[in-house]
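Enquirer: Return a 3D structure for these sequence lines:
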Amino acid sequence: MTRLGYQIANFTYADVPADQLFPTVVAQAQEAENSGFDTVFAMDHFYQLPMLGEPHDPMFECYTLLSALAQHTSTVRLSSLVTGNTYRNPTLLAKTVTALGIVSGGQGQLGIGAGWYELEHDSLGFEFGTFTDRFERLEEALQIIRGMLAGERPSVDGKRYQVSEALNVPAPLSRIPVMIGGAGEQKTLRMVAQYADESNLLCPPNHIPRKLDVLAEHCDRLGRERSEITVSIQTYVCMAPTHDEAVAEYEAYVERTPAAEVRRRMTIIGDPDEVAARYADMLAAGVDGFTVNAAANGHVPGRVSLLGETLAPLIG
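Expert: The predicted structure follows:
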């Protein structure tokens, strides 16, 4: 299976007032759906991320936004890239993702990770804990959530969570895939092999072969076929019809969002031919597709369509 997902990551748009934020997001989701993207993702954060802006910049609550987008789209899957497990009890998350799937007519998907943004946790009262704490919580949560999404009544008496015959009614309309985000070799990729349908890698492109080898090793040890798991890589791009336009749009983005300068070296900037060549190289390294973050200019009418029309032919 291939993957081409569009991530709506930025809600700070030049000359867009607050009452036009949601229509601007809807326009991006619809362009994505109509140009070859198969999934639309939203970030699960409450403050903007350090490399995309300032904490006080606008940020929608993820699942409210996705449920609203379900009323304006019909074929793309809708998911978080990725849900912070620390923000919700796993039984609530299972109910939330199930509801998203039902109100969207089956478009829902679960993307999940351990959580990492300490400022958000400290400011808003979510328990952060240690790195080990967060991954222990994620593993217990996956056991509960997967059971509930599968129509079971899971009971877990864990170190972090305790549930007893957790019901999930109404049940999902269809099977809800689970994506785990991250690239940690000891914990994250092992959990992908054990629990997930999809992996979204967050790593430099030249690390792809190593990450795929590690995932395959985990699959072999757990008795799972590596081919059952779709692997995508998170990417950052600013594409326009010409190279000069793309550069100008990225410079304008950095001017209004100085924190974004840090992400310049990770961002693919260029015209369709330049961008397609970079993505083709990543496919050749072994991934099945991409998630695409166009924070700099995704709100510009036509840019998401241009991305989809450029990238969709690469993955078929």
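Enquirer: Nearest residue to Q48 in space, please, no chain neighbours.
Expert: D57 (3.9 Å; CB to CB, 6 or more residues apart in numbering). For glycine as for every other residue, the C-beta is placed from the backbone atoms N, C-alpha and C.
Enquirer: An error on my part: the question was meant for L283.
Expert: Nearest one to L283, counting by CB to CB, 6+ apart, is L314 at 6.2 Å.
Enquirer: what's near enough to touch the one you found?
Expert: L314 sits next to A276, Y279, A280, L283 when contact means CB atoms under 8 Å, 6 or more residues apart in numbering.
Enquirer: any idea which of the residues you listed has the most stuff around it?
Expert: Counting neighbours by other CB atoms under 10 Å, Y279 leads those with 24 neighbours.
Enquirer: Wait, that residue touches T235, no?
Expert: Yes. Between Y279 and T235 there is a contact at 7.4 Å, judged by CB atoms under 8 Å.
Enquirer: Quickly list what's touching both of those two.
Expert: I268, F290.
Enquirer: excluding its backbone neighbours, what's nearest T98?
Expert: Nearest to T98 is P172, by CB to CB, 6+ apart, at 5.1 Å.
Enquirer: now do G108
Expert: G101 (3.2 Å).
Enquirer: Can you classify that neighbour by secondary structure?
Expert: Put simply, G101 is helix when judged by DSSP: H, G, I helix; E, B strand; the rest coil.
Enquirer: What separation do you get for it and L81?
Expert: 17 Å (CB to CB, to the nearest Å).
Enquirer: Looking at the residue nearest the centre of the chain now. What's its pLDDT?
Expert: Centroid-nearest residue in the chain: L81, 1.8 Å away (criterion: CA atoms, centre = their mean). Confidence at L81, expressed as pLDDT, is 97.
Enquirer: and what of A9?
Expert: For A9, the model assigns a pLDDT of 88.
Enquirer: do you know how far it is from V214?
Expert: 27 Å.
Enquirer: Neighbour count for the two, which is higher?
Expert: Shown here are A9 and V214; by other CB under 10 Å, A9 has more neighbours (22 against 19).
Enquirer: pretty sure that one is touching A295, no?
Expert: Yes. Applying CB under 8 Å, one finds A9 in contact with A295, separated by 4.8 Å.
Enquirer: tell me, what's touching these two both at once?
Expert: Common neighbours of A9 and A295 (CB under 8 Å, 6+ apart) are L52.
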